[in-house]
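Asks: Show me how the following folds:
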Amino acid sequence: MEKLLRKGAEADIYVGDWYGDEVIRKIRKPKTFMHPKLDAELRRHRTVIEALSLSQAKDAGVSTPYLYYVDPGRGEIIMEYVHGERFKDLLARQPLGKLIPLCVELGRCVARLHAANLMHGDLSTSNFLVTGDSLTFIDFGLSFISPKLEDRAVDLHLVKEVLRSAHGNVWEEVFRFILKGYEEVSGEKQVAALTAKIREIERRGRYARVE
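Replies: Numbers count the residues shown, from 1 in each chain. Below you'll find the predicted structure:
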């Protein structure tokens with residue numbers, strides 16, 4: 001028997017059974033305000049991209065849920081149900097000192113994705129699941145391929161903004177350790193270029209708000 005776990009703007013998430021395994025079933029919902037053919041094509045495209053990104057991330061050395069079934073026509077993905085605690089919740093209840101290794105590993109994982117030119121697109125602290133010492137990335141619904149420094153910086157900028165708004169007392173330290181992990185994989189020059197680009201993005205945002 002399936003149970004609705006979450007209703008989202010883009011998709012509904014269910015917990016169910018797949019030949020004896022507990023799974024997540026993600027179904028992209030038709031958008032009634034769009035032309036049916038365009039909507040169907042967009043849902044098919046996003047479903048295919050998400051499924052590919054889950055596999056590509058795993059190939060890059062980042063833990064993601066295993067795929068069991070993909071139906072692009074229905075906009076449906078069935079994947080492993082990862083039993084873990086959201087990184088967001090851990091940050092809210094545990095002292096930062098205990099979470100430093102996870103922060104560093106998070107940065108390493110993002111760097112591995114970017115080294116494969118894979119942008120997650122929604123690097124929110126709700127999309128990292130922690131099981132013991134393991135970190136699993138979920139929800140690749142907005143992912144895409146890009147070699148651009150700008151897109152890598154935007155990916156990291158989102159993490160920074162989420163931390164700043166939701167974890168104001170520790171965000172600077174958490175982001176610093178994320179960048180430390182990123183540097184371990186990608187090197188000091190790449191992190192320097194990314195942080196400069198993030199500052200540029202922030203300046204553009206401030207000017208846009210003033211205007």
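Asks: use CA for all of it now, contacts and neighbours both
Replies: Fine.
Asks: Tell me where the protein has helices.
Replies: 36-59, 87-93, 96-115, 149-166, 171-186, 188-210 (DSSP state H).
Asks: Let me have those helices in CSV, adding mean neighbour count as columns.
Replies: Below are these laid out as CSV (neighbours: other Cα atoms under 10 Å):
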stretch, mean neighbour count
helix 36-59, 18
helix 87-93, 16
helix 96-115, 20
helix 149-166, 19
helix 171-186, 20
helix 188-210, 13
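Asks: The ones you listed: lowest mean pLDDT?
Replies: For the helices of the chain, mean pLDDT drops lowest on helix 188-210, to a mean of 83.
Asks: between that one and helix 96-115, how big is the angle?
Replies: Interaxial angle of helix 188-210 relative to helix 96-115 (axes from the mean of the first three to the mean of the last three Cα atoms, to 10 degrees): 100 degrees.
Asks: What are the contacting residues of helix 188-210?
Replies: Leu149, Glu150, Arg152, Ala153, Val154, Leu156, His157, Leu179, Tyr182, Glu183 (Cα atoms under 8 Å, 6 or more residues apart in numbering).
Asks: Which of the helices of the chain sits closest to Ile138?
Replies: Among the helices of the chain, helix 36-59 comes nearest to Ile138, with 8.2 Å by Cα to Cα.
Asks: out of the helices of the chain, which comes closest to Arg25?
Replies: helix 36-59 (12.1 Å).
Asks: So what touches that closest one?
Replies: 28-31, 63-67, 70-77, 113, 118, 139-144.
Asks: can you pull up the bridge partners for Lys7?
Replies: Beta-bridge pairing for Lys7 (DSSP bridges): Asp12.
Asks: burial measure for it, as a count.
Replies: 13 (other Cα atoms under 10 Å).
Asks: is it true that it touches Ile13?
Replies: Yes - taking Cα atoms under 8 Å as the definition, Lys7 is a contact partner of Ile13 at 6.3 Å.
Asks: Contacts only, for the most centrally placed residue in the chain.
Replies: In the chain, the residue lying closest to the centroid (Cα atoms, centre = their mean) is Leu123, at 4.0 Å. By Cα under 8 Å, 6+ apart, the contact list for Leu123 reads Asp155, Leu156, Leu158, Val159.
Asks: Could you dump these into TSV with distance to Lys37 added?
Replies: Below are the contacts of Leu123 laid out as TSV (distance: Cα to Cα, whole Å):
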residue	distance to Lys37
Asp155	31
Leu156	34
Leu158	32
Val159	34
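Asks: Let me know the closest of these to Val82.
Replies: Using Cα to Cα, those come closest to Val82 at Val159, 21.6 Å.
Asks: Spit out the contact partners of the closest one.
Replies: Leu123, Ser124, Thr125, Phe175.
Asks: Quickly name whichever of those residues is closest to Glu105.
Replies: Out of these, the member with the shortest distance to Glu105 (by Cα to Cα) is Phe175, at 11.8 Å.
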